[in-house]
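K.L.:
just the structure for this:
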Amino acid sequence: MALPRKLTATETVPISRGLAGLDRAPPAWVLVTAGLCPLLLVGGWLAAGAVQPGYSPVRETVSALAGQAGTHPWIVTGALFAVGGCYLATAAGLAGLRIPARVLLAVAGLSSIGIAASPEPVTGSTPQHLAWTVLGAATITVWPAFTVRRGPGQPAILSAGCVAAVTVVFAALLGWLLVETRDGSLLGLSERVMSAAATTWPFVVARAVRQGEPTR
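P.N.:
So this is what the prediction gives:
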């Protein structure tokens with residue numbers, strides 16, 4: 001009687017990896033929810049800025065468009081709610097990433113919804129708005145570090161070196177933003193550069209994971 005053939009390393013799947021969903025490809029709709037994030041956010045602030053008299057996108061923040069002083073605050077508020085929902089959906093469907101990465105992305109989504117639900121007053125800000133803004137900025141800055149995938153055949157863009165470099169870039173952009181909050185003349189520009197880069201990375205990750213996993 002023939003003995004069972006011993007499985008090779010590439011044919012076995014660790015139990016922990018299977019339970020975490022790391023051996024599954026995310027569904028195709030994750031590319032849609034992730035890809036909508038930068039489109040919704042950038043489109044929202046461009047549309048709102050176009051109908052806001054005297055508004056400077058270089059000097060003024062996006063929150064000013066969604067605040068009580070905005071001419072059409074519903075534009076950016078709606079975009080922030082939609083981005084938050086897309087983050088949550090992407091976190092739920094992004095199989096192939098470890099749980100901490102998906103939890104952090106969900107926290108970023110909740111932060112976007114929290115920012116939209118607590119608009120700035122005509123002057124100053126509110127503790128709720130500041131808290132959600134700080135939480136969202138910190139979360140999305142460190143999130144790339146948790147998207148690393150180790151092992152043979154993994155996407156190069158999700159290697160330890162690459163995600164470390166992206167995290168450093170995001171941290172540098174956050175540092176620039178923090179410097180500009182101290183009466184800087186490029187506050188709006190720094191916020192837009194950081195948020196555009198940060199909202200694009202989930203799509204990059206989703207596409208890399210889908211290309212690196214077999215469809216099952």
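
K.L.:
only C-alpha atoms for contact and neighbour calcs from this point on.
P.N.:
Fine.

K.L.:
point out where the protein drops to low pLDDT.
P.N.:
1-24, 212-216 (pLDDT under 70).

K.L.:
biggest helix in this protein by residues?
P.N.:
helix 187-212 (DSSP state H).

K.L.:
in that one, which residues are buried?
P.N.:
Going by neighbour count (16 or more other C-alpha atoms under 10 Å), the buried part of helix 187-212 is 187-192, 194-195, 197-203, 205-210.

K.L.:
these two touch, right, residue 208 and residue 157?
P.N.:
Yes - contact criterion C-alpha atoms under 8 Å: residue 208 and residue 157 qualify, at 7.3 Å.

K.L.:
the nearest residue to residue 190 once chain neighbours are set aside and residue 138, how far apart?
P.N.:
Spatial nearest neighbour of residue 190, excluding adjacent residues (C-alpha to C-alpha, 6 or more residues apart in numbering): residue 177 at 5.3 Å. As for residue 177, its distance to residue 138 is 12 Å (criterion: C-alpha to C-alpha, to the nearest Å).

K.L.:
higher neighbour count, the two?
P.N.:
Applying other C-alpha atoms under 10 Å to residue 177 and residue 138 shows that residue 177 carries more neighbours, namely 21 against 15.

K.L.:
who touches residue 102 in this structure?
P.N.:
91, 92, 94 (C-alpha atoms under 8 Å, 6 or more residues apart in numbering).

K.L.:
could you check how far the last one is from residue 163?
P.N.:
Between residue 94 and residue 163 the computed distance is 17 Å (C-alpha to C-alpha).

K.L.:
cool, and residue 39?
P.N.:
Applying C-alpha to C-alpha to residue 39 and residue 163 gives a distance of 23 Å.

K.L.:
likewise residue 186?
P.N.:
In this view, residue 186 and residue 163 are 27 Å apart by C-alpha to C-alpha.

K.L.:
any idea how far stretch 155-165 is from the chain center?
P.N.:
In this view, stretch 155-165 has its centroid 16 Å away from the chain centroid, taken as C-alpha atoms, centre = their mean, to the nearest Å.

K.L.:
check stretch 67-82 too.
P.N.:
Relative to where its chain is centred, stretch 67-82 has its mean C-alpha point 19 Å off (C-alpha atoms, centre = their mean).

K.L.:
ditto for stretch 172-184
P.N.:
19 Å.

K.L.:
quick one: buried residues of it?
P.N.:
Using 16+ other C-alpha under 10 Å as the test for burial, stretch 172-184 gives 173, 174, 176, 177, 180.

K.L.:
if I pick the fourth one, what's in contact with it?
P.N.:
To tie it back to what came earlier, the one meant is residue 177. 187, 190, 191, 194.

K.L.:
tell me which element it is part of?
P.N.:
Here residue 177 sits within helix 160-180, counting by DSSP states H and E.

K.L.:
report the angle between that helix and helix 187-212.
P.N.:
When axes from the mean of the first three to the mean of the last three C-alpha atoms, to 10 degrees is applied, the directions of helix 160-180 and helix 187-212 differ by 160 degrees.

K.L.:
quick one: distance of helix 160-180 to the chain centre.
P.N.:
13 Å.

K.L.:
pull the CA atoms of that helix into PDB?
P.N.:
The C-alpha coordinates for helix 160-180 follow below in PDB (Å, rounded to 0.1, in the frame of the first residue of the first chain):
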ATOM      1  CA  ALA A 160       8.600  45.300   5.100                       C
ATOM      2  CA  GLY A 161      11.000  47.800   3.500                       C
ATOM      3  CA  CYS A 162       8.300  49.300   1.200                       C
ATOM      4  CA  VAL A 163       5.600  49.700   3.900                       C
ATOM      5  CA  ALA A 164       8.300  51.200   6.200                       C
ATOM      6  CA  ALA A 165       9.200  53.800   3.600                       C
ATOM      7  CA  VAL A 166       5.500  54.700   3.100                       C
ATOM      8  CA  THR A 167       5.000  55.000   6.800                       C
ATOM      9  CA  VAL A 168       7.900  57.400   7.100                       C
ATOM     10  CA  VAL A 169       6.600  59.500   4.200                       C
ATOM     11  CA  PHE A 170       3.100  59.700   5.900                       C
ATOM     12  CA  ALA A 171       4.800  60.600   9.200                       C
ATOM     13  CA  ALA A 172       6.700  63.400   7.400                       C
ATOM     14  CA  LEU A 173       3.500  64.700   5.800                       C
ATOM     15  CA  LEU A 174       1.800  64.600   9.200                       C
ATOM     16  CA  GLY A 175       4.800  66.500  10.600                       C
ATOM     17  CA  TRP A 176       4.500  69.100   7.900                       C
ATOM     18  CA  LEU A 177       0.700  69.500   8.700                       C
ATOM     19  CA  LEU A 178       1.400  70.000  12.400                       C
ATOM     20  CA  VAL A 179       4.000  72.600  11.600                       C
ATOM     21  CA  GLU A 180       1.500  74.500   9.400                       C
END
